[in-house]
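Trainee: how would this look folded up:
(one chain, ligands or ions: 1)
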Amino acid sequence: MSLELNNIGVAYGTKQVLSNITTDTIKPGSLVALLGQNGAGKSTFVKSLAGLIPYQGHAYLEGMELAKMHQYERLKNIGYVPQTLPQGNSLLAYEVIKSAASALQQHNQEHLIEEVFERLSIAHLAFYPMHKLSGGQKQMISLAQALVRHPKLYLLDEPTSALDLNWQMQVLNTIREEVNSQNSIALLISHDINLALRYCDQVILLHQGNILSIGNPKNSLTTENIALAYKVEARIETCSQGHPIVLVDKPI
Ligand SMILES: Nc1ncnc2c1ncn2[C@@H]1O[C@H](COP(=O)(O)OP(=O)(O)OP(=O)(O)O)[C@@H](O)[C@H]1O
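Mentor: Prediction:
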């Protein structure tokens with residue numbers, strides 16, 4: 001499924017937070033980083049696509065306007081992982097993921113649930129109550145709730161913010177593999193520019209509610225754009241394995 005965003009704007013009351021968000025068609029199999037400084041509008045953007053806040057303009061997933069999707073279609077097609085971690089209640093991690101899978105009434109649910117535990121290497125957490133999980137463990141369960149449904153569009157709001165280095169890589173590898181194998185699309189909010197350079201096909205760099213640059217990560221993440229978007233002086237060097245890496249020197 002492809003995604004097309006045409007002149008998306010979002011306002012909270014009279015405060016316009018996003019305007020003129022337009023993209024070329026985002027093809028199936030794309031992992032797109034959504035970057036920008038605190039308050040740039042990233043969470044607002046994905047919340048509006050997830051149906052939590054109304055948007056102006058048009059957002060089409062394979063020709064279907066997101067805002068007009070019926071609840072079941074939305075549930076089937078969109079996997080939103082919010083920035084806030086799931087509540088620490090007395091449900092078992094397994095029950096939380098099962099409830100996400102059950103909502104789609106698929107006959108192979110048990111297989112899908114086992115598969116997601118294995119893919120994220122979290123089988124050992126299955127029978128822990130949510131309130132006994134650490135922040136990072138809760139974040140993994142939150143991602144598993146989306147992955148178990150194999151949605152066509154992932155909206156991931158800082159899905160690795162609470163994770164250690166090993167889990168960050170596992171999660172990014174899993175998302176990359178999911179997007180490739182299912183031909184889905186993921187919009188991934190992050191503050192880690194190097195992660196975007198390494199894993200993503202495209203970058204949307206937001207600045208004060210507008211697109212500052214969009215496209216291939218190497219072309220979008222120039223030192224000039226980084227300076228404008230983040231108010232830092234940075235260098236782009238090549239690491240020993242030949243990949244570009246951003247080194248931040250100082251605030252401007
Ligand atoms: N519910 C709300 N009501 C009014 N203004 C809001 C609301 N939520 C966010 N905003 C404002 O919208 C702007 C964008 O916020 P948003 O959370 O989308 O930014 P962000 O890029 O995700 O930031 P961060 O990187 O800090 O998570 C900010 O100025 C914020 O104060």
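Trainee: how much space is there between the nearest residue to residue 213 once chain neighbours are set aside and residue 187?
Mentor: Leaving aside its chain neighbours, residue 213 sits nearest to residue 220 (4.3 Å; criterion: C-beta to C-beta, 6 or more residues apart in numbering). Yep, even glycine has a C-beta here, placed from its N, CA and C like the rest. Applying C-beta to C-beta, to the nearest Å, the value for residue 220 to residue 187 is 15 Å.
Trainee: With neighbour numbers in mind, choose between those two.
Mentor: residue 187 (26 against 23; other C-beta atoms under 10 Å).
Trainee: Next, please give the residue ranges for the strands of the stretch 101-250 of the chain.
Mentor: For the stretch 101-250 of the chain, the strands defined by DSSP state E, counting those that start in this stretch cover 153-157, 185-189, 202-207, 210-215, 232-238, 244-251.
Trainee: Show me which positions of the longest one end up buried.
Mentor: The reference is to strand 244-251. For strand 244-251, the neighbour count (16 or more other C-beta atoms under 10 Å) marks residue 246 as buried.
Trainee: and if you look at the fourth one?
Mentor: By neighbour count, and taking 16+ other C-beta under 10 Å as the criterion, the buried residues in strand 210-215 are 211, 212, 213, 214.
Trainee: now swap in the first one and tell me
Mentor: For strand 153-157, the buried set under the neighbour-count rule, 16+ other C-beta under 10 Å, comprises 153, 154, 155, 156, 157.
Trainee: before we move on, what about the fifth one?
Mentor: The neighbour-count check on strand 232-238 (16+ other C-beta under 10 Å) flags residue 234 as buried.
Trainee: got JSON lines for the buried residues of strand 153-157, with distance to residue 204 too?
Mentor: Below are those laid out as JSON lines (distance: C-beta to C-beta, whole Å):
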{"residue": "153", "distance to residue 204": "14"}
{"residue": "154", "distance to residue 204": "15"}
{"residue": "155", "distance to residue 204": "13"}
{"residue": "156", "distance to residue 204": "13"}
{"residue": "157", "distance to residue 204": "14"}
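Trainee: Nearest to the ligand among those residues?
Mentor: When those are ranked by distance to the ligand (C-beta to the nearest ligand atom), residue 157 comes first, at 7.4 Å.
Trainee: Now do the contacts for the closest residue to that closest one other than its chain neighbours.
Mentor: Among residues not flanking residue 157 along the chain, residue 83 sits closest, at 4.2 Å (C-beta to C-beta, 6+ apart). Counting by C-beta atoms under 8 Å, 6 or more residues apart in numbering, residue 83 touches 43, 157, 158, 161, 189.
Trainee: Was I right to think residue 243 contacts residue 197?
Mentor: Yes. Using C-beta atoms under 8 Å, residue 243 makes contact with residue 197 at a distance of 7.0 Å.
Trainee: Mind checking which of the two has more residues around it?
Mentor: Taking neighbours as other C-beta under 10 Å, residue 243 and residue 197 compare with residue 197 leading, 19 against 12.
Trainee: Kindly provide the distance from that one to residue 174.
Mentor: Taking C-beta to C-beta, one finds residue 197 at 19 Å from residue 174.
Trainee: ok, back up a step: residue 170: which of the buried residues of strand 153-157 is nearest?
Mentor: Proximity of these to residue 170 was ranked by C-beta to C-beta; the top entry is residue 156 with 14.4 Å.
Trainee: OK, contacts around that closest one?
Mentor: 46, 81, 143, 146, 175, 186, 187, 188, 189.
Trainee: hang on, the earlier thing: the ligand next: which of the contacts of residue 83 are close?
Mentor: Among these, proximity to the ligand is found for residue 43 (C-beta under 6 Å from any ligand atom).
Trainee: from the contacts of residue 83, which is closest to residue 135?
Mentor: Among the contacts of residue 83, and counting by C-beta to C-beta, the member closest to residue 135 is residue 161, at 9.0 Å.
Trainee: Tell me who's in contact with that closest one.
Mentor: So residue 161 contacts 83, 139, 191 (C-beta under 8 Å, 6+ apart).
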